[in-house]
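**Student:** 3D model of this:
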Amino acid sequence: MSAHTNQLHSKLSVAGLLIALGIIYGDIGTSPLYVMKAIIGLNHVINKDIILGGLSCIFWTLTLQTTIKYVIITLSADNHGEGGIFALYALVKRTKIQWLIVPAIIGGSALLADGIITPPISVSSAIEGIRTFYPSINTVPIVIGILFVLFTIQQFGSKLVGKFFAPMMIIWFTMLGVLGIIQIVSNLEVFHALNPYYAYHLLKIHPDGFYVLGFVFLCTTGAEALYSDMGHCGRKNIRISWIFVKTALVLNYFGQGAYLIKHQGDTLMNLGGKNANPFYLIMESWFQPIGIVIATMAAVIASQALISGSFTLINEAMRLNFWPKVKIKYPTDLKGQLYIPSINWLLFIGCVGIVLHFEESGNMEAAYGLAIILCMIMTTILLNFYLIMKRFSIFVIIPIITLYLSIEISFLIANIDKFSHGGYVTLIIACILISIMTVWFLAKKISKTYTKIVKIDKYKKVLAELSVDLSIPKYATHLIYMTNSNRADEIEEKVMYSILQKRPKRADMYWFVHVNVLSEPYKREYRVTEVIKDDLYRVDFNLGFREPTKINLMFKEVIRDMVQNGEVDVTSRYESLNKNNIIGDFKFVLSEKFLSNDSDLTFFEKIVMNSYFLLKKLSLSEEKGFGLDSSSVKVEQFPMVLHAPEKFEMFRIR
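**Tutor:** The predicted model follows:
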């Protein structure tokens, strides 16, 4: 990792600020496209008190929820510079409270589900501005075309994306601020909305009553993505750039409010037809085509925060045993930047499905927000344990957590009203994701419970003798087994069965390799344990949860280091090859489990294990997951017996 890259992430820099603007603010930054429109409604009579109440709700939501909870408090809960609900879970996992896995899985799944609805609603909201000039145009093919381009460019990495998007977002936020100021100057009355009384009053007078909070909530939906993408931009860069972003957002919202107050007594339908949007109405007619183009570009960028956040989330889920192994690419040398092809195209298919199902952004608003509020509540629960772990005073923790749970549960209740109008779509997606994560985690846990571990000491003598037994054909010069055993003096019984019984495997040297995934994101360490001099060694790799698992390359590095230190001689033991200093061959043996017919499973275990093995077939193979070359890998099948009958009686007939 270059010094420049580390500096970019840990220190405040112009480059860091620009990348933050380009990558993480799209979602929250494009909310003025649809929030006021949703609060006012197309056919409701414009009422000054409703406008001021809506603005007050938006201002205080952005202040309490986004600024204080996320930008100030939650960004402090970083795991060595990394953010997101799984990074937070990795921190609080140290408390040894088992059930904290529940909010982690629910929150992570809800955020992923939100990643499927954010791109369609953002792009649709912007493109529908074209209907100002062409009322009957079908925007669905245009939206799908734009989404295809967006998902195609992900493979080039968010460094390139950030560089391209940053100037566009500066133009976007500047436009938001300027458009807002032009309207505010002619009606300073909108600043009354800074009084929180108007927010409270709105709930009493709005036609939807308390449920209007479901629309208000849309202004802060990007806050969770902001936390997830901390590893891409750095905490300081996010905090400083947020000042500019929030100022632009508030000015634009207040500008829309000032315009609407001037037209109180009227309806949005009368002001601009069935496609009326206060965001476009505050623009001069000559500027509207330019505004639509800029809004479309910003809406495309809005999707970036959730897409790059989804890659980060899946990578962390894999390391925490929540998700099947999938192929990860690292398109740039920047820390934390990755690309997961399978997730990218699954998200694209999901987005296309949403566009075809709902067709218009107005219909999508109902599906939007319900999943993400669940994620925010789960973050608050985990944050509570983080503050306890950091030994904050109970007089600080209780008011903070009570305040945010009250706000977020109110938003959840208001959003539940959306369930039948489309909210069910994101909840169905979230439930599918929760099921996958739960099955994978439980199956791994069950598998670990039924893995028999033995002491290596019992086998030292036989391994040393096998190594020099010329009556058995040599299997490989160096034979390497991957092991899940955490202790250097222990090994899975199946490994010893493979070496000694399945087909005796004579090798000059045996290696046991263990990968230990750490709670911190970036670390590459290894430790070598000599078990039998010149015969058996164990290598433990300690890798951060964001580090790629490339065992082939890492193991070669270990061997090179040990040879230089004179610890091992890896020259071939065959006489002719030894004379000519030819290095011996290295062969990896991986064991793959299958469910034995002898297993006696409960109904629940059957569902979990059968689902697990189905997912396993669809996921990355063991050798690809470990980054091994298939030419030097042997995969052996082992039956996995769960609840084997303790006594199986047979009667002999004489």
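**Student:** secondary structure class for residue 620?
**Tutor:** coil (DSSP: H, G, I helix; E, B strand; the rest coil).
**Student:** look up how far residue 212 lies from the closest residue to it other than its chain neighbours.
**Tutor:** Nearest residue to residue 620, sequence neighbours excluded (CB to CB, 6 or more residues apart in numbering): residue 325, at 4.1 Å. In short, each C-beta sits where N, CA and C put it, glycine included. Residue 325 sits 44 Å away from residue 212, going by CB to CB, to the nearest Å.
**Student:** more crowded one of those two?
**Tutor:** Between residue 325 and residue 212, counting by other CB atoms under 10 Å, residue 212 is the more crowded of the two (23 against 16).
**Student:** how about the contacts made by the closest residue to the more buried one other than its chain neighbours?
**Tutor:** Of all residues not flanking residue 212 in the chain, residue 206 sits nearest, at 4.3 Å (CB to CB, 6+ apart). Neighbouring residues of residue 206 by CB atoms under 8 Å, 6 or more residues apart in numbering: 39, 50, 53, 212.
**Student:** contact partners for the residue nearest to residue 620?
**Tutor:** Applying CB under 8 Å, 6+ apart, the residues contacting residue 325 are 318, 619-620, 624-625.
**Student:** just the CA trace of stretch 78-86, in PDB.
**Tutor:** Output of stretch 78-86 as PDB, limited to C-alpha atoms (Å, rounded to 0.1, in the frame of the first residue of the first chain):
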ATOM      1  CA  ASP A  78     -14.600   3.100  12.900                       C
ATOM      2  CA  ASN A  79     -12.800  -0.300  12.700                       C
ATOM      3  CA  HIS A  80      -9.300   0.900  11.800                       C
ATOM      4  CA  GLY A  81     -10.700   3.400   9.300                       C
ATOM      5  CA  GLU A  82     -13.500   1.200   8.100                       C
ATOM      6  CA  GLY A  83     -17.300   1.800   8.500                       C
ATOM      7  CA  GLY A  84     -20.600   0.100   7.900                       C
ATOM      8  CA  ILE A  85     -22.800  -2.100  10.000                       C
ATOM      9  CA  PHE A  86     -20.600  -5.200   9.700                       C
END
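**Student:** which helix is the longest one in the protein?
**Tutor:** helix 288-319 (DSSP state H).
**Student:** ok, then the element right after it?
**Tutor:** helix 341-358 (DSSP states H and E).
**Student:** buried ones in the next helix-or-strand element following that following helix?
**Tutor:** Later in the chain than helix 341-358, the nearest helix or strand by DSSP H and E is helix 361-364. Neighbour-count burial for helix 361-364, counted by 16 or more other CB atoms under 10 Å, picks out 361-362, 364.
**Student:** I'd like the residues you listed laid out as a markdown table, including pLDDT.
**Tutor:** Shown next, in a markdown table, are those (pLDDT from 0 to 100):
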| residue | pLDDT |
| --- | --- |
| 361 | 77 |
| 362 | 74 |
| 364 | 78 |
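**Student:** ok, so of the residues you listed, who is nearest residue 604?
**Tutor:** Residue 604 has its nearest neighbour among the buried residues of helix 361-364 in residue 364, at 36.5 Å by CB to CB.
**Student:** ok, that closest one - contacts?
**Tutor:** 117, 120-121, 124, 354, 358, 422.
**Student:** for the helix or strand residue 554 falls within, give the mean pLDDT please.
**Tutor:** Under the criterion of DSSP H and E, residue 554 resides in helix 551-564. Across helix 551-564, the average pLDDT comes to 87.
**Student:** same thing with stretch 422-436?
**Tutor:** On average, stretch 422-436 scores 88.
**Student:** got the buried residues for it?
**Tutor:** 422-423, 425-427, 429-430, 433-434, 436.
**Student:** returning to that earlier point: what values do phi and psi take at the residue nearest to residue 620?
**Tutor:** Main-chain dihedrals, residue 325, degrees, to the nearest 10: phi -70, psi 130.
**Student:** what separates it from residue 461, distance-wise?
**Tutor:** 37 Å.
**Student:** thinking again about what came up before, now do the longest helix of the chain against helix 341-358, angle only.
**Tutor:** Calculated by axes from the mean of the first three to the mean of the last three CA atoms, to 10 degrees, helix 288-319 forms an angle of 130 degrees with helix 341-358.
**Student:** quick one: helix 288-319 to chain centroid distance?
**Tutor:** The chain centre lies 13 Å from the centre of helix 288-319; the measure is CA atoms, centre = their mean, to the nearest Å.
**Student:** give me the buried subset of the contacts of residue 325.
**Tutor:** Looks like the contacts of residue 325 have 318, 619-620, 625 buried, using 16+ other CB under 10 Å.
**Student:** tell me which of the contacts of residue 206 fall in strands.
**Tutor:** Taking DSSP state E, every one of those sits outside strands.
**Student:** one step back: okay if I get the buried ones among the contacts of residue 325 as CSV plus distance to residue 371?
**Tutor:** Output for the buried ones among the contacts of residue 325, formatted as CSV (distance: CB to CB, whole Å):
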residue, distance to residue 371
318, 21
619, 24
620, 27
625, 29
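**Student:** switch those over to TSV; also include pLDDT and distance to residue 198.
**Tutor:** Converted to TSV, those look like this (pLDDT from 0 to 100; distance: CB to CB, whole Å):
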residue	pLDDT	distance to residue 198
318	85	47
619	82	52
620	77	54
625	75	55
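**Student:** ok, the residues you listed vs residue 455, which is closest?
**Tutor:** So of the buried ones among the contacts of residue 325, ranked by how close each gets to residue 455 (CB to CB), first place is residue 625, at 28.0 Å.
**Student:** export the helix or strand hosting residue 19 as PDB, just CAs?
**Tutor:** Assigned by DSSP H and E, residue 19 belongs to helix 14-23. The C-alpha coordinates for helix 14-23 follow below in PDB (Å, rounded to 0.1, in the frame of the first residue of the first chain):
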ATOM      1  CA  VAL A  14      -8.500  17.900  -1.500                       C
ATOM      2  CA  ALA A  15      -8.400  14.600  -3.300                       C
ATOM      3  CA  GLY A  16     -10.200  12.900  -0.300                       C
ATOM      4  CA  LEU A  17     -12.900  15.600  -0.200                       C
ATOM      5  CA  LEU A  18     -13.500  15.300  -4.000                       C
ATOM      6  CA  ILE A  19     -13.700  11.500  -3.800                       C
ATOM      7  CA  ALA A  20     -16.100  11.800  -0.900                       C
ATOM      8  CA  LEU A  21     -18.300  14.100  -2.900                       C
ATOM      9  CA  GLY A  22     -18.200  11.800  -5.900                       C
ATOM     10  CA  ILE A  23     -18.900   8.500  -4.200                       C
END
